[in-house]
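Participant: sequence and computational prediction follow.
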Amino acid sequence: MKKIFIVTVSILTLLGCKKEQIETANPDTIEGIELTILQPDKHYNLRAIHFIDNQTGFASSYDGKIIKTTDAGSTWDELETNTTVPLYGIDFINSTIGFVVGGKSSCGGNGCIPIGAVILKTTDGGETWKKVTLNLNDKIELKSVQFINNLVGFAVGHSSILKTIDGGDTWEQTKINNLNGTMQKVAFNSTMNGVIICIGGQIVSTTDKGITWNTASTISTIGSVSISITEDDIIYVSDNSKIQKSSDFGVSWTLLNSTSDNFDINFISQNIGFAVGRGNYSGGDFGYHYGAIFYTIDGGENWIENKNIKETGSLHESSFPTKNQGYIVSSNNIIKVKIE
């Protein structure tokens, strides 16, 4: 098992300047948010992140890697997964039982057989991972996973919803026809109410623990999409150009903010939410996009933004184990967020 040491820098620290495990005296803030960048010494091409609590968290990569921290991101262990396929979503039932989902629906070369959907399960806090046997009708990639209690969970991708009622040991596939694009993210706010967002703006929803699904709602979206639902059934959707809100479980929608390239939206309470994604371009023929964070404390009516996080590149996903501390992942960096 390889120990990964993290470099902690402030937003204003120049890219490439490293000092091992030193907390910045004056880290950058976005009007009340303290940001600390944690930079591994190895490139992982990270895509997903999930923290169980303020200290223990996991991140997964496009090439099948999973890394774990038990000290709030100061150091990370690389875990053995026995796979090289993209891993797009993470969720834990408790401190020991967790799941990572992904897969690959296509491949190249003579005789190529795509691996299809992959679900990895751990029962020892991530120290070991085993592939769950899936009997699916087609080769799909799973993009997102969420459990609503110790037994019932959902994973989505393409036009399929996978549901387990035995703690992730077996999964049943439900196909949803005539979707406006593939399923990208599943989000539940309780054991009953859940929503799924598809590329193209299709909203798939349930009010009965996933026994039945409604596909009536469709909204205008561009590019990548994400969805979040609060405890009081308010739904937020972000895409590559805007953030929208529904207060009637997807019947009608209000435009909150026109921004750029939001890859993930996450409301951690009724009023406090984050959208993260791709920020301003550095310029030049070989430039890159900075990271972008959008933050609201009034249910999306107003947003504070920073689209010039130069050290990270585009941001992919966020995880908030508590209402005052969270983590945001980019391809090779993790940002610790403290709400002051």
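Facilitator: It's in.
Participant: which residues of the stretch 51-200 of the chain score low on pLDDT?
Facilitator: Nowhere does the stretch 51-200 of the chain drop to pLDDT under 70.
Participant: which residue ranges of it form strands?
Facilitator: With DSSP state E, counting those that start in this stretch as the criterion, the stretch 51-200 of the chain has strands at 57-61, 66-69, 75-79, 87-92, 98-104, 116-122, 130-131, 144-147, 153-157, 160-164, 172-175, 183-188, 194-198.
Participant: nearest to Ser282, of these?
Facilitator: Nearest to Ser282, of all these, is strand 57-61, at 23.5 Å by CB to CB. (C-beta placed from N, C-alpha, C; glycine too.)
Participant: each with direction, which strands does that closest one pair with?
Facilitator: If you go by DSSP bridges, strand 57-61 pairs up with strand 46-51 (antiparallel), strand 66-69 (antiparallel).
Participant: what's the most buried one of the ones you listed?
Facilitator: Each of the strands paired with strand 57-61 was scored by mean neighbour count; the highest is strand 46-51, a mean of 24, by mean count of other CB atoms under 10 Å.
Participant: from Ser190, how far off is the closest residue to Lys242 other than its chain neighbours?
Facilitator: Distance criterion CB to CB, 6 or more residues apart in numbering; nearest residue to Lys242, sequence neighbours excluded, is Ser258 at 5.0 Å. Separation of Ser258 from Ser190 (CB to CB, to the nearest Å) stands at 31 Å.
Participant: which residue of these two possesses the greater neighbour count?
Facilitator: Neighbour comparison, Ser258 and Ser190: the larger count goes to Ser190, with 12 against 8 (by other CB atoms under 10 Å).
Participant: is it true that that one touches Gln146?
Facilitator: No: with contacts counted by CB atoms under 8 Å, Ser190 stays clear of Gln146, the gap being 11.6 Å.
Participant: closest one to Asn333 among the strands paired with strand 57-61?
Facilitator: Nearest of the strands paired with strand 57-61 to Asn333, taken as CB to CB: strand 46-51 at 8.2 Å.
Participant: Gln325 is nearest to which of the strands of the stretch 51-200 of the chain?
Facilitator: Using CB to CB, the nearest of the strands of the stretch 51-200 of the chain to Gln325 is strand 57-61, at 10.7 Å.
Participant: can you pull out the strands in the stretch 201-340 of the chain?
Facilitator: 202-206, 214-218, 226-229, 235-238, 242-246, 254-258, 262-267, 273-281, 289-296, 304-309, 315-319, 325-330, 334-339.
Participant: buried ones in the second one, by neighbour count?
Facilitator: Translated: strand 214-218. For strand 214-218, the buried set under the neighbour-count rule, 16 or more other CB atoms under 10 Å, comprises 215, 217.
Participant: given that strand, what are its sheet partners and their directions?
Facilitator: Pairing partners of strand 214-218, with direction, according to DSSP bridges: strand 202-206 (antiparallel).
Participant: now the strand it pairs with - C-alpha only, PDB.
Facilitator: Provided in PDB are the C-alpha atoms of strand 202-206 (Å, rounded to 0.1, in the frame of the first residue of the first chain):
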ATOM      1  CA  GLN A 202     -34.700  14.800 -18.300                       C
ATOM      2  CA  ILE A 203     -35.700  14.600 -14.600                       C
ATOM      3  CA  VAL A 204     -36.600  11.100 -13.400                       C
ATOM      4  CA  SER A 205     -38.200  11.100  -9.900                       C
ATOM      5  CA  THR A 206     -39.600   8.800  -7.300                       C
END
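Participant: average pLDDT across that strand?
Facilitator: Taken as a whole, strand 202-206 has an average pLDDT of 97.
Participant: ok, residues contacting that strand?
Facilitator: 161, 176, 179-181, 183, 192-198, 212-215, 217-219, 227, 235, 237, 249-250 (CB atoms under 8 Å, 6 or more residues apart in numbering).
Participant: could the strands paired with strand 57-61 go into TSV alongside distance to Val156?
Facilitator: Shown next, in TSV, are those (distance: least, CB to CB, whole Å):
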stretch	distance to Val156
strand 46-51	14
strand 66-69	20
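Participant: closest to Asn94 out of those?
Facilitator: Nearest to Asn94, of all those, is strand 46-51, at 12.5 Å by CB to CB.
Participant: thinking again about what came up before, compare the strands of the stretch 51-200 of the chain and give me the one nearest Gly326.
Facilitator: For those, proximity to Gly326 was assessed by CB to CB; strand 57-61 is nearest, at 9.8 Å.
Participant: what's the angle between that closest one and strand 75-79?
Facilitator: On the basis of axes from the mean of the first three to the mean of the last three CA atoms, to 10 degrees, strand 57-61 is oriented at 50 degrees to strand 75-79.
Participant: mind listing what Ile97 touches?
Facilitator: With contact set as CB under 8 Å, 6+ apart, Ile97 has these partners: 121-123, 150, 167-168.
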